[in-house]
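> model this:
(one chain, ligands or ions: 1)
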Amino acid sequence: MLHEKENIKKYLLSAIRTVPDFPKQGIQFKDITTLLADKKALALTTQELSKPFLDSEADVIVGLESRGFLFGTNIAEVLNASFVPVRKPGKLPAETISENYELEYGTDSVEIHADSIKKGDKVIIHDDLIATGGTACAASKLVKRLGGTIIGYSFIMELGFLNGRKKLDHKKVESLLII
Ligand code: AMP
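Next comes the predicted model:
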């Protein structure tokens, strides 16, 4: 069983392309378009992301723009939950609330539709990758402001050396690949 899990991880890791110096010098960009283009990796990723939450009775998967939309909806389908996007400013058409967060240089912000989460909804936050944890942390504040309860976080990849999970301050942070 452990063997199978390790093989799946190896396979998924090999399906992800690392592009050096994109979008700027010094960044090792983790490109999941190659994983999406491989139908076996696509199915395995949805399966493995969903697994830790099968008994969670989640109501909503919140996916973070934009690569968090790709598997966020897949996970929602498997878990019989709904999907809600968190987007960059100015993209969502109806009434929104927003949260600012710190970047290395300057600040950024994220938005969610004000009517997208109901009080008491059990929410999983999903993105393709956690680096510093700033984006996921800002998204969690949006969910909490709308009355949702965060029951966990889900990522395909985690840049372990940045320790972004510390910022999330939650027991259930599930990353398929720690790199
Ligand atoms: P952070 O807020 O620092 O955790 O950054 C996470 C967001 O930035 C996610 O939406 C990722 O898709 C993106 N991101 C950060 N670093 C990388 C990287 N090395 N490769 C691909 N995406 C990244």
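
> Return the strand or helix carrying L176 as PDB; C-alpha atoms alone will do.
Assigned by DSSP states H and E, L176 belongs to strand 173-178. Provided in PDB are the C-alpha atoms of strand 173-178 (Å, rounded to 0.1, in the frame of the first residue of the first chain):
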ATOM      1  CA  VAL A 173      -3.000  20.800   5.700                       C
ATOM      2  CA  GLU A 174      -2.800  18.100   3.000                       C
ATOM      3  CA  SER A 175      -0.100  18.400   0.300                       C
ATOM      4  CA  LEU A 176       0.500  15.500  -2.200                       C
ATOM      5  CA  LEU A 177       4.100  16.500  -2.900                       C
ATOM      6  CA  ILE A 178       6.400  18.300  -0.600                       C
END
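
> How about that strand, which residues are buried there?
Neighbour-count burial for strand 173-178, counted by 16 or more other CB atoms under 10 Å, picks out 173-177. C-beta coordinates here come from the backbone N, C-alpha and C atoms, glycine included.

> And those residues, which is closest to Q47?
Distances from Q47 to these, taken as CB to CB, are shortest for L176 (10.3 Å).

> The one helix or strand in the chain whose mean pLDDT sits lowest - contacts with which helices or strands?
The helix or strand of the chain with the lowest confidence, counting by mean pLDDT, DSSP states H and E, is helix 2-15 at a mean of 92. In this structure, helix 2-15 makes packing contacts with helix 33-36, helix 39-50, strand 173-178, judged by 3 or more CB pairs under 8 Å, 6 or more residues apart in numbering; DSSP states H and E.

> Would you reformat the ones you listed as a markdown table and include mean pLDDT?
A markdown table is the format used below for these (pLDDT from 0 to 100):
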| stretch | mean pLDDT |
| --- | --- |
| helix 33-36 | 98 |
| helix 39-50 | 98 |
| strand 173-178 | 98 |
